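Visitor: Sequence first, then the predicted structure, then my questions.
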Amino acid sequence: MSILITGGAGYIGSHCVSALSRRGGDAVVVDNLSKGHKEALSGGRLYVGDVGDRAFLRSVFEKEQIDAVIHFAAFSLVGESMTVPEKYFRNNCMAGLSLLETMAEFGVRRLVFSSTAAVYGEPERVPIGEEHPKSPTNPYGQSKLIVEEMLRWFDAAHGLKYAALRYFNVAGAREDGGIGEDHRPETHLIPLVLAAAQGKRESLTLFGTDYPTPDGTCVRDYIHVEDLVDAHFLALQYLEAGNPSAAFNLGNGRGFSNREIIEAARRVTGKPIPVSEAPRRPGDPAVLVASSEKAEKVLGWKPKHPDIEEIIADAWRWHEAHPEGYGG
Ligand SMILES: NC(=O)c1ccc[n+]([C@@H]2O[C@H](COP(=O)([O-])OP(=O)(O)OC[C@H]3O[C@@H](n4cnc5c(N)ncnc54)[C@H](O)[C@@H]3O)[C@@H](O)[C@H]2O)c1
Ligand SMILES: O=c1ccn([C@@H]2O[C@H](COP(=O)(O)OP(=O)(O)O[C@H]3O[C@H](CO)[C@H](O)[C@H](O)[C@H]3O)[C@@H](O)[C@H]2O)c(=O)[nH]1
C-alpha cells in the first residue's frame, strides 16, 4: 500500500515518512522544498513539485498506486499570515483544492489532513474539545478551517473520507536525533529556547508577561512529534475500517507556561538560558490546552512521550548533533 505524504520533507512530514518506512510501508513524497529539506528524508520516493500544480500531481498519481494521502504541505507562520494572507489562501486552500480534485479524479478516498488548534481562535473554555466554536484569529487558522469545510463537501459529493487532525504545539525529534526541527525562519518556542542554550542566540525573547495565567506567560500544550505521527497511522486505520470522517484534537491535555518551558530547558540542557522580556506577540491566545479524549477513545491513541523534559531532551539531542540544522 502506497501512501502519498505531501510536505514529507518538512518537520512533521519527515518524521511521518521515517515512521512509515519503519513500519514497512511505502511512502510517496511530494514536496516543493520551499521549506523542507531533502536531507530529512530517510525513505520514500521524492517527487519535487507543487501540490497546487494539477498537471504535476496528476503525473504522480498516474505513476504511483496511491491508496491514501497524508497532507502536511502548507505554510504555517501565523505572524506572516497576518500581513500576507494571500500567500496562505493560495498555498493552503488553493493547493489543497488541487489535491482534493486530483484525489477525486483518481478515486483515492482516504485523507489525513494536518489541521491546527488555530481553527478555534481565542478559546472560550479549556481544555478545548472538537465541538468548541471555531473562530480563527489569523488567516493561517482560517485557511485550515476552509480546507476542513471543503473536505466536508468532498465527502458528501465524492465519498472522500477524511480525518482532520488538529495539532496543538508540536515539538521534539526522532529519539536517535537523526532528524528534527529546522524551520527557516524558526518561530517556535522550544527550538528558540534551545538556540539560546547553545549560544546561537544572545537570549530568548519572551513575548508577554502580563497574561491572566499563574506566572503571566502564555500556556501551551506540547505534543511529541513521534506521538503526533502515531495518530496519523491510527487515523488511516480508522478510515480504512469504513468509519465516518471526523476531526480529532491532538495534545497531551496538560499546559505549560512559557516560563515553565524555559525552566525545563535549563534543567535538560544544564545551560543558562538568558531571557529578555518583550511585549505580547499579536494574536497569541493566553491558554491553549487540548482535550484529546476523542482521539484516545475513538482512535485508541495514547501519547508515549508526554513528559515535557523528554520532549525537550529529544529536541536538544537533534540540535546538539546538528547545530546548523540540515545545512550543517
Ligand atoms: N509545527 C507545528 O507545531 C504545527 C502545529 C499545527 C499544525 N501544523 C501543520 O502541520 C503541517 C506540517 O507542519 P511542519 O511544522 O512540519 O511544517 P514544515 O514547513 O516543516 O513542512 C511543510 C512542508 O510542506 C512543503 N510545502 C509547502 N507548501 C507546499 C506546496 N504547495 N507543494 C509542495 N510542498 C509544499 C514545504 O516545503 C515543507 O517541506 C502544516 O500543514 C502545518 O500547518 C504544524
Ligand atoms: O521567541 C519566542 C517564540 C515564542 N514565544 C511564545 O511561546 C508560545 C508558543 O509559541 P509558538 O510559536 O511556539 O507556538 P504557537 O502556540 O504560537 O503556535 C502553534 O500553535 C498554533 C495554533 O494556535 C499553530 O498551529 C502553529 O502552527 C503552532 O506552531 C507563545 O506564547 C509565544 O508568544 C516566545 O515567547 N518567544
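Guide: Sure thing, it's come through. Residues are numbered from 1 along each chain as shown. Ligands and ions are numbered 1, 2, ... in the order given.

Visitor: what about residue 95, which helix or strand?
Guide: helix 95-106 (DSSP states H and E).

Visitor: Residue 129 and ligand 1, how far apart?
Guide: For residue 129, the distance to ligand 1 equals 17 Å [C-beta to the nearest ligand atom, to the nearest Å]. The C-beta positions use only the backbone N, C-alpha and C, and glycine is treated the same way.

Visitor: Am I right that that residue is in contact with residue 289?
Guide: No - using C-beta atoms under 8 Å, residue 129 is not in contact with residue 289, being 10.9 Å away.

Visitor: Settle it for me: which of these two has more neighbours?
Guide: residue 289 (21 against 14; other C-beta atoms under 10 Å).

Visitor: in stretch 34-51, what counts as buried?
Guide: For stretch 34-51, the neighbour count (16 or more other C-beta atoms under 10 Å) marks 35-37, 40-41, 43-44, 46-47, 49-51 as buried.

Visitor: Can you name the residues in contact with the helix-or-strand element of the chain with minimal mean pLDDT?
Guide: Using mean pLDDT, DSSP states H and E, the weakest-scoring helix or strand in the chain turns out to be helix 78-83, at a mean of 92. With contacts defined as C-beta atoms under 8 Å, 6 or more residues apart in numbering, helix 78-83 is touched by 75, 87-88, 118, 138-141, 143, 187, 281-283.

Visitor: Just the buried subset of the residues you listed, written out for PyMOL, thanks.
Guide: Buried residues among the contacts of helix 78-83 (16+ other C-beta under 10 Å), as a PyMOL selection:
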select buried, resi 75+87+88+118+138+139+140+141+143+283
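
Visitor: What is the lowest-pLDDT residue among the contacts of helix 78-83?
Guide: Within the set of the contacts of helix 78-83, pLDDT is lowest for residue 283 (83).

Visitor: what's the spacing between it and residue 276?
Guide: Taking C-beta to C-beta, to the nearest Å as the measure, residue 283 falls 21 Å from residue 276.

Visitor: Also residue 222?
Guide: With C-beta to C-beta as the criterion, residue 222 and residue 276 are 22 Å apart.

Visitor: Residue 175 now?
Guide: From residue 175 to residue 276 the distance is 32 Å (C-beta to C-beta).

Visitor: For these two, indicate the residue with more neighbours.
Guide: residue 175 (14 against 10).

Visitor: Could you pull up the residues touching the more buried one?
Guide: Contacts of residue 175 (C-beta under 8 Å, 6+ apart): 226, 314, 317.

Visitor: Quick check: phi and psi on it?
Guide: phi -60, psi -30 (degrees, to the nearest 10).

Visitor: On the pLDDT front, check it for me.
Guide: In the predicted model, residue 175 carries a pLDDT score of 95.

Visitor: where exactly do the strands run in the stretch 201-328 of the chain?
Guide: Along the stretch 201-328 of the chain, the segments classed as strands by DSSP state E, counting those that start in this stretch run 204-207, 219-220, 222-224, 246-250, 256-257, 275-278.

Visitor: Which residues does the second one contact?
Guide: Around strand 219-220, the neighbours that count as contacts under C-beta under 8 Å, 6+ apart are 168-169, 189, 213, 255-258, 261, 286-289.

Visitor: make it 10 Å
Guide: Applying C-beta atoms under 10 Å, 6 or more residues apart in numbering, the set of residues contacting strand 219-220 from outside is 117, 126, 168-169, 171, 188-190, 211, 213, 251, 254-261, 284-290.

Visitor: quick one: is that strand near ligand 2?
Guide: Yes - if you take C-beta under 6 Å from any ligand atom as the test, strand 219-220 does meet ligand 2, through residue 220.

Visitor: Distance from that strand to the middle of the chain?
Guide: Centre-to-centre, strand 219-220 and its host chain are 16 Å apart (C-alpha atoms, centre = their mean, to the nearest Å).

Visitor: What's the mean pLDDT across stretch 286-297?
Guide: Average pLDDT, stretch 286-297: 97.

Visitor: Can you point out the buried residues in it?
Guide: So, applying 16+ other C-beta under 10 Å, buried residues of stretch 286-297: 286-292, 294-295.

Visitor: on that earlier part again, for residue 129 and residue 289, list the residues in contact with both.
Guide: With C-beta under 10 Å, 6+ apart, residue 129 and residue 289 have common neighbours residue 249.

Visitor: picking that back up, min pLDDT across the buried residues of stretch 34-51, which one?
Guide: Out of the buried residues of stretch 34-51, that is residue 43, at 90.

Visitor: residues touching residue 47, list them.
Guide: If you count contacts by C-beta under 10 Å, 6+ apart, residue 47 has them with 4, 6, 8, 28-32, 56-57, 59-60, 63-64.
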